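build me a model:
(chains A and B)
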Amino acid sequence: MNNIKTRFAPSPTGYLHIGGARTALFNYVYAKHNGGKFVLRIEDTDFERSEKRFEEDIIESLKWLSIIPDEETVFQSDRLSIYRSYADKLLKEDKAYYCFCSKELLEEDRNKLTSENKKPMYVGRCRELKPGEALLKTPHTIRFKVNRNTGAATGFKDLIRNQYISVNNDEIDDFVLVREDGIPTYNFAVVIDDALTGITHIIRGDDHVSNTPKQIMLYNTLGFNAPEFAHVSMILGADGKRLSKRHGATSVNQYKKEGFLPEALVNYLIRLGWSHGNDEILSMEEIIKYFDLKHISKSAAIFNTEKLLWLNSHYIKSKDPFTLIDLINDIRDDFQGALNIDIKTASLVDSLKSRAKTLVELRQKLDFFVNDAIDYKDEIFSEYSFNESNLAFLKLFRKFIEELNNEIFNCGNVDLTYKTDKENALKILKNSIESIKAGFNDFLFKNNWTMKEKAMIIRLAFSGEKVSPPIYEIIFALGKERCIQRIDKFYGCINGINNTKV
RNA sequence: GGCCCCAUAGUCUAGCGGUUAGGACGUUGCCCUCUCACGGCAGUAACACGGGUUCGAAUCCCGUUGGGGCUGCCA
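Numbering: from 1, shown residues only, chains lettered A, B, ... in the order given. Modelled structure (predicted):
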């Protein structure tokens, strides 16, 4: 169709952060919506601050979010000679000039202008200089010769605001194109790369609006066609200030570590600034189908973790337990043991998934199951005073567990790892739990007890906590042996305390 | 300071001259219930202010206020 091509152009000076991820997402889905291409360009011209690990993180994080470039990644550090040739061209045409002012001198100029309440622009000391060979051997930068004092303005149409934004040329500094070390500056390299790689639409942060007129000037004098621009407003922290480390997690990898699903982050990020009617839950596929620039918000948005958490819990709930086990194992810290991929673990994950907002939280809720060393805390015994009748109940309950049909736990001796048959495993899991439920209800009924009055002591015995997954699920997951061990242990604790009292 | 941008509930937003200003998160209450959740139902809360334009403005224009960005040999 119209060959739309977008790009995400981060500098590898930090991990991929939330704002960058959203910009990348906007560019990606805009290209995809229009049947175009999306590319990644690493702007690594700041050798001081660029780091390989950040570069890798950006690429990995984008991949995790399913933002996949269509072409090979471009690195600006590979293209230095290209920028140089364009700088020479501008020099030759008298559209740029050498500047020999030292950083210290420029600093002085700036301070002076600022103290006089004037805009700190380059004073133009070297603008008309015709340097000889000798001078050229001394440190120098190359500056763009802005066409000033003509009353002319330079602007562009912003696709998000749907309006022209222009600035009087007199407001624009003779900005540096090439630094002392021969490396191009951002404004120079970005224009050359976007033009040469055929970028048609640039969706980027609001913080670039004031750079855009400079870049337009460059497009014009270099003889390139300027692309379309769309400036997305910033993401702010809860205090309304620009999002930074102070606000907690800001990098995508942190969210992964904290147990967020990529679907949730993508969904949250796309809705932060873009909308499609009243739709809240959107898959990447739907986003691509509906995405447009028209519905991108013009105002800054405050990052709200609560809503992200809500979306995350939504996506966790929608996954089957076996997938969840894989995901948990994928992000687990080294000190945490891996979860077994079996039907018993799955049964707990299945009932716990609606109780956890993150994978990390889900994993924590499984601690009582993974770890047999339950520590029955003193508070339990002070809050619930257990007596002889409780002990009698535990004895009967122990017997009930002992007498449960082994087939329930063996699940008919079927190999029930998810790898064989996930659907079937889930079905048998549910049947087993139903069997336990039926048996347990029968046990209660025969003794004229209610679930309500007996649930807590069982819960405490099995988990040591006042909050746990449902009883039936625990029985199935722990299995006979472990259930009995825990009943015995708990029985011993109560008994011990009662004896001390006497 | 200068230049640029923005403005609907606590938060994300729908709205694009006529609506009881809609949805979602959060929050509150109720229901469900073996705990905690999930779920269901109900409630709470907004057009920053002041001028215009118009028969009629959340919607269009101007100003005020507030917020944000840029003002680097960072991107």
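
how about the contacts made by A:Glu465?
A:Phe368, A:Arg459 (C-beta atoms under 8 Å, 6 or more residues apart in numbering). Glycine gets a C-beta too; all of them are placed from N, C-alpha and C.

the lengthiest helix in chain A packs against which elements?
Longest helix of chain A, by residue count under DSSP state H: helix A:471-501. Helices and strands touching helix A:471-501, by 3 or more C-beta pairs under 8 Å, 6 or more residues apart in numbering; DSSP states H and E, are helix A:343-352, helix A:367-370, helix A:378-383, helix A:388-402, helix A:406-410, helix A:418-446, helix A:451-463.

point out the most buried one among these.
Counting by mean count of other C-beta atoms under 10 Å, helix A:343-352 has the highest mean neighbour count of the helices and strands packed on helix A:471-501, with a mean of 23.

what is the mean pLDDT for it?
Mean pLDDT, helix A:343-352: 92.

show me what from the stretch 301-450 of chain A comes close to RNA strand B.
Residues of the stretch 301-450 of chain A lying near RNA strand B by C-beta under 7 Å from any atom of the strand: A:Ala301, A:Ile302, A:Asn304, A:Glu306, A:Lys307, A:Leu309, A:Trp310, A:Ser313, A:His314, A:Lys317, A:Ser354, A:Arg355.

put the buried members of those residues into a PyMOL selection.
A single PyMOL command selects the buried members of these (16 or more other C-beta atoms under 10 Å):
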select buried, chain A and resi 301+309+313+314
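
so which of the residues of the stretch 301-450 of chain A next to RNA strand B are in helices?
Among these, the members falling in helices (DSSP H) are A:Glu306, A:Lys307, A:Leu309, A:Trp310, A:Ser313, A:His314, A:Lys317.

and the strands in chain A?
A:5-8, A:37-42, A:74-75, A:96-99, A:141-144, A:153-158, A:163-168, A:176-178, A:201-205, A:228-232, A:235-236, A:301-302 (DSSP state E).

now distance to A:Ala477 too, for these, in JSON lines please.
As requested, those are exported to JSON lines (distance: least, C-beta to C-beta, whole Å):
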{"stretch": "strand A:5-8", "distance to A:Ala477": "44"}
{"stretch": "strand A:37-42", "distance to A:Ala477": "44"}
{"stretch": "strand A:74-75", "distance to A:Ala477": "50"}
{"stretch": "strand A:96-99", "distance to A:Ala477": "71"}
{"stretch": "strand A:141-144", "distance to A:Ala477": "68"}
{"stretch": "strand A:153-158", "distance to A:Ala477": "57"}
{"stretch": "strand A:163-168", "distance to A:Ala477": "60"}
{"stretch": "strand A:176-178", "distance to A:Ala477": "65"}
{"stretch": "strand A:201-205", "distance to A:Ala477": "48"}
{"stretch": "strand A:228-232", "distance to A:Ala477": "47"}
{"stretch": "strand A:235-236", "distance to A:Ala477": "41"}
{"stretch": "strand A:301-302", "distance to A:Ala477": "41"}
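
a markdown table please, covering those and showing mean pLDDT and distance to A:Ser432.
As requested, the strands of chain A are arranged in a markdown table below (pLDDT from 0 to 100; distance: least, C-beta to C-beta, whole Å):
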| stretch | mean pLDDT | distance to A:Ser432 |
| --- | --- | --- |
| strand A:5-8 | 98 | 49 |
| strand A:37-42 | 98 | 47 |
| strand A:74-75 | 97 | 55 |
| strand A:96-99 | 96 | 77 |
| strand A:141-144 | 97 | 74 |
| strand A:153-158 | 95 | 60 |
| strand A:163-168 | 93 | 64 |
| strand A:176-178 | 97 | 71 |
| strand A:201-205 | 97 | 52 |
| strand A:228-232 | 97 | 51 |
| strand A:235-236 | 94 | 47 |
| strand A:301-302 | 95 | 47 |
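
closest one to A:Tyr122 among those strands?
Of all the strands of chain A, strand A:141-144 sits nearest to A:Tyr122, with 6.9 Å by C-beta to C-beta.

identify the residue nearest the geometric centre of chain A.
Nearest residue to the geometric centre of chain A (C-alpha atoms, centre = their mean): A:Val252, 3.3 Å.

touching, that one and A:Leu16? I think so.
Yes. A contact is recorded between A:Val252 and A:Leu16 when judged using C-beta atoms under 8 Å, the distance being 4.7 Å.

shared neighbours of these two, anything?
Joint contacts of A:Val252 and A:Leu16 (C-beta under 8 Å, 6+ apart) are A:Ser61.

how many residues are close by the residue of the stretch 1-150 of chain A found nearest RNA strand B?
Closest contact between the stretch 1-150 of chain A and RNA strand B, by C-beta to the nearest atom of the strand, is at A:Glu43 (2.9 Å). Close neighbours of A:Glu43, defined as other C-beta atoms under 10 Å, add up to 19.
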